[in-house]
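Asks: just a sequence and a predicted model for now, questions to come.
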Amino acid sequence: MPPSGCPAPPRSLVPRPNGAPGELAVLPWAGFRGAVSYTFDDANASQIEHFPVLDALGVRMTFYLTTGKPEASDATWARALARGHELGNHAKSHAMQASAEEIEAATAFIEETFGVRPRTMASPYGHASYTELARSRFLVNRGVGGSHVVPNDHTDPFYLPCYVPPANARARAFDERVHAARADGAWLLVLVHGFLGGTDYAYQPIALEEFVASVEHARGFGDLWIDSVVNIAAYWRGQKAFAAATRTVTPERTTWTWELPEHFPPGHFLRVTVGQGRLEQNGVPLVQDERGYYEVALDARSLTLASSV
């Protein structure tokens, strides 16, 4: 497993540098053609019931917990966390109008119950009143709206768009969105509330088998990064931070220094390629992956490209 913990992209997707000195490029979406995050809201019982099936799909997902519900205390969420999935904030009581108390109560519950601080949230009802409160507390906030996100774009990190399938949606409805994101080199966020046949009255439920088929279809491309919101959001925002880095050039080396957004989680990386030279962080040479890229630790806030002679 690489230092980043991210899956490795197909070799064919990593461009070969042309050998020009100082030519450094960040690979969009960790070297994949596009990205997808599957998110679940409300801590609904049908999500808990079918978690073994969801987990068996082999991709990290994000579960946004409405923490005032009894289901939010279910042991399933601890298992999800242990399996690499993300637990996010969806407020305490799913109120239409945002309040700091609602958000902070949900964060405190997740910290006290599961021992992890949520790094992302999702606005109940997709209501815009949560946007500014999220801005001072989280890395990103998921809203609603059917668009997708591309590298270095102007999408508001605190109102990320997502696809909400209609009730009883078929797999092909998901597939169309995945195909569009893949064609555009974009990040698609998908929001599901629950599954048919349950007793939780989930909003716009879908058939489990249709959802499973859609995820398997997306995985089948082999060139999509399917991961939790926090992992993909950290890459997206980290790439933007690097794009805004201060660059200092001397005859012997080029150094980039950057600032990270507030509430940026530790332990995240960018993947870069370089034409000539030696990449270092804190005086330690970086090791080139067999696919040709290097993993740059964003926590270091600095990267140096030294002359190879």
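Replies: In hand now; what should we look at?
Asks: strands of the stretch 201-309 of the chain, residue ranges please.
Replies: Along the stretch 201-309 of the chain, counting by DSSP state E, counting those that start in this stretch, strands occupy 224-226, 246-249, 253-257, 269-274, 278-281, 284-285, 294-297, 302-306.
Asks: got the ones you listed as CSV, with mean pLDDT, distance to L188 and mean neighbour count columns?
Replies: Any C-beta I mention is one placed from the backbone N, CA and C, and that applies to glycine too. As requested, those are arranged in CSV below (pLDDT from 0 to 100; distance: least, Cβ to Cβ, whole Å; neighbours: other Cβ atoms under 10 Å):
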stretch, mean pLDDT, distance to L188, mean neighbour count
strand 224-226, 99, 9, 22
strand 246-249, 96, 32, 11
strand 253-257, 96, 29, 16
strand 269-274, 98, 20, 22
strand 278-281, 96, 31, 17
strand 284-285, 96, 36, 11
strand 294-297, 98, 24, 20
strand 302-306, 97, 29, 20
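Asks: can I get the ones you listed in JSON lines with distance to H263?
Replies: Below are the strands of the stretch 201-309 of the chain laid out as JSON lines (distance: least, Cβ to Cβ, whole Å):
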{"stretch": "strand 224-226", "distance to H263": "22"}
{"stretch": "strand 246-249", "distance to H263": "22"}
{"stretch": "strand 253-257", "distance to H263": "20"}
{"stretch": "strand 269-274", "distance to H263": "18"}
{"stretch": "strand 278-281", "distance to H263": "22"}
{"stretch": "strand 284-285", "distance to H263": "27"}
{"stretch": "strand 294-297", "distance to H263": "18"}
{"stretch": "strand 302-306", "distance to H263": "21"}
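Asks: may I see the buried residues of whichever strand or helix holds E112?
Replies: Per DSSP states H and E, E112 falls inside helix 100-114. For helix 100-114, burial by neighbour count (16 or more other Cβ atoms under 10 Å) applies to 102-103, 105-107, 109-110, 114.
Asks: from these, which two are the most distant?
Replies: E102 and F114 (18.5 Å; Cβ to Cβ).
Asks: residues touching the closest residue to V150 other than its chain neighbours, list them.
Replies: Take V150 and drop its neighbours on the chain: the residue closest to it by Cβ to Cβ, 6 or more residues apart in numbering is A186, 4.8 Å away. Taking Cβ atoms under 8 Å, 6 or more residues apart in numbering as the criterion, A186 is in contact with 34-35, 148-150, 180.
Asks: before we move on, what about L57?
Replies: 212, 215-216, 219.
Asks: same thing but 6 Å
Replies: Shown in contact with L57 (Cβ atoms under 6 Å, 6 or more residues apart in numbering): V215.
Asks: tell me the pLDDT at it?
Replies: Confidence at L57, expressed as pLDDT, is 99.
Asks: just the pLDDT for R16.
Replies: Note on R16: pLDDT of 67.
Asks: tell me where the model's unsure across the chain.
Replies: When residues are selected by pLDDT under 70, those of the chain lie in 1, 16-22, 308-309.
Asks: what's the domain layout of it?
Replies: Split into domains by automatic domain parsing, the chain comes to 11-30+232-306, 34-222.
Asks: please identify the deepest-packed of the ones you listed.
Replies: Mean neighbours per residue, mean count of other Cβ atoms under 10 Å, is largest over the domains of the chain for domain 34-222, with a mean of 19.
Asks: thinking again about what came up before, now, among the contacts of A186, which is nearest to R142?
Replies: Each of the contacts of A186 was checked against R142 using Cβ to Cβ; the closest is V149, at 10.6 Å.
Asks: would you map the helices across this protein?
Replies: For the chain, helices defined by DSSP state H occupy the ranges 45-49, 51-55, 75-82, 100-114, 131-135, 171-184, 208-221, 229-243.
Asks: report the contact partners of A30.
Replies: By Cβ under 6 Å, 6+ apart, the contact set of A30 is 6, 225, 235, 271.
Asks: one more time with 8 Å
Replies: Contact analysis of A30 by Cβ under 8 Å, 6+ apart lists 4, 6-7, 9, 225, 235, 271.
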